[in-house]
Structures are given as C-alpha cells and as structure tokens.
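Asks: Structure, please.
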Amino acid sequence: MTVYRYDGSFEGFICAVADCLEAGEGQPEFVGDGDHQIAGLFAGDIREVATVREIAVAFRKHFVEAVSQEAFATMRYAFHSRKTGIELLVWRYLTLGLQVGRRLCGMLAEEPVHSVNRIARHVSHEAHKYKGFVRFREVDAGFLYARIEPEADILPFIATHFVGRVGDRPWMIHDLRRSQAAIFDLKSWRLIRDIKLTAEPTLTATEKDYAALWQRYFQRHAIAERHNPTLQQKHVPLRYRKHLVEFTDQ
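Replies: Model (predicted):
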C-alpha cells in the first residue's frame, strides 16, 4: 500500500488522486502535511505529491465531463468537512464516478454516494449559515476582522461571498479552530495557514460605539411577551454566538 502525502489543500488532494490513478493504485492512503503521527506509521511507503494547479484543473475538467459538475461540487464540500478518513471516502466516490459516469448522482442509496452526499449537505448548510453569522469589526490596524470557529473548513466557500458584500474594505476572516484565515486586500482574497493571535486586536473607538448601539437595538427590539429562547436557539445555536457582537458584552 502506498501512502500519498499532499499539502492538505483540496488542490493538493486532487493532485494526489490523479497521481494515484496514474499509478494504478487500488488501495491507497492519503495523508495531509499536518498528519505527522499517521505519516510516521508508513514512513517507508510514503509518496510525496506536489500541488500543481494545472494537474488539478485538468482532473476537474475530466471528472466533470465524465460525471457531472454537481458530483464534483458534492465531493469538494465533503472533503472540506475534514472528517477523519474523508480522503479515502472521497477517493471511493471519485473512482466509482469514473466507472459509472453520469449515473453516480442517482445512486443515492448506495455507498459511498450516500455518505458523501450526507456530509456534503452538512458542510454546505454550515457555510450558508456563516454567511449570515460572520461579524466584522473594525480594528486599529486599518482593516475589518472577524472570528469564526466552524465545524467544517468553510472559508473557501464563504470568502467569495464576502468579497462581493464587503469589497470596499480590506478584511480578514479568522478560523480559530484551524489557525487559518481568508484575507482580502481589495483586489483578491487568499487563504493563509498557521495564523495565530499574539495579542487581542484593538478595536477602533467608532467600532466600539457601533457595537454598543447594535447591542442596545438588539435588546430593545425584542418583545418581552414573545420571548422564546427555544426558538431563538433553534435559529441561532449557542455554538455560533461566541463571536456574534449582539450576544457579547464587548
């Protein structure tokens, strides 16, 4: 068995898949750069795979033509769940798709199609939620800063949305759980890994004033007689509230 080690990115994984298919490997394992402990178990059988954008683009084109754009998107969402063993599950999905072609999307009751679709729906739903739950705050450094702690690796799915919504200011969306951030410089956005805070970002005085106004509005807009914490928690689960200014004291 060969272990294909890639850089942890989606493009890197696709390059590893392409390399694996070219080699005719039937029982591969995939390891991201951060999985050092796992990689150590197979130190003699590791194949390092370089991330080459042209290879990833060519594989995507081939898969979309052979199967469908929908199947490729589903696979990408599932990959970004970052669940343990997701690479092998997606690998089985991809190879099955290349075997059965456009019939893949209709095989909803069969594995691995069922599992990949279920995981992809969860990631897509979380990404959609965060489009409404990201709260930017103006910091003294001159840009907008937002914190999130999603279950899935959703930054690649929400960054483009905020380029369109907040395209007139530089900003950073910081995924604390994965120590990475999407950074927009008024021209394009990019993903930066291994981002850690050395100090709390200092908010501008204007930001503090707006935050206080928003909190007062949020509190006074509520109708006491219609207070329904169960319904509120259903629409805004507790895990989202940590970084929502209307639910914090700052």
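Asks: Report the next helix or strand after the helix or strand bottoming out on mean pLDDT in the chain in sequence order.
Replies: One helix or strand of the chain scores below all others by mean pLDDT, DSSP states H and E: helix 36-40, with a mean of 50. Next helix or strand after helix 36-40 toward the C-terminus (DSSP states H and E): strand 46-48.
Asks: Contacts for the helix or strand following that following strand next, please.
Replies: Sequence-wise, the next helix or strand downstream of strand 46-48 (DSSP H and E) is helix 53-66. Residues outside helix 53-66 that contact it (CB atoms under 8 Å, 6 or more residues apart in numbering) are Glu11, Ile14, Cys15, Val17, Ala18, Ala71, Phe72, Leu94, Gly97, Leu98, Gly101. Yep, even glycine has a C-beta here, placed from its N, CA and C like the rest.
Asks: Could you count how many residues lie near Val90?
Replies: Val90: 26 surrounding residues under other CB atoms under 10 Å.
Asks: SS state for it?
Replies: Classification of Val90 by DSSP: H, G, I helix; E, B strand; the rest coil places it in helix.
Asks: give the contact list for it.
Replies: Phe13, Met75, Ala78, Phe79, Pro112, Val116.
Asks: what's the farthest-apart pair in those residues?
Replies: Using CB to CB, those span at most 15.5 Å, a distance reached by Phe13 and Pro112.
Asks: So the two - more neighbours on which side?
Replies: Neighbours per residue, other CB under 10 Å: of Phe13 and Pro112, the larger number sits with Phe13, 25 against 19.
Asks: If we ignore the residues flanking it in sequence, what's nearest the more buried one?
Replies: Tyr6 (5.5 Å; CB to CB, 6 or more residues apart in numbering).
Asks: Would you confirm that the one you found contacts Ala16?
Replies: Yes: between Tyr6 and Ala16 there is a contact under CB atoms under 8 Å: 4.4 Å.
Asks: ranges for the strands of this structure?
Replies: According to DSSP state E, the chain carries its strands in the segments 3-6, 29-32, 46-48, 137-138, 144-148, 171-175, 180-184, 189-193.
Asks: distance of the residue nearest to Phe13 from Ile195?
Replies: Distance of Tyr6 to Ile195, computed by CB to CB, to the nearest Å: 21 Å.
Asks: next one: Phe13
Replies: 21 Å.
Asks: still on that earlier bit, of Tyr6 and Ala16, who's got more company?
Replies: Neighbour count, other CB under 10 Å: between Tyr6 and Ala16, Ala16 has more, with 28 against 24.
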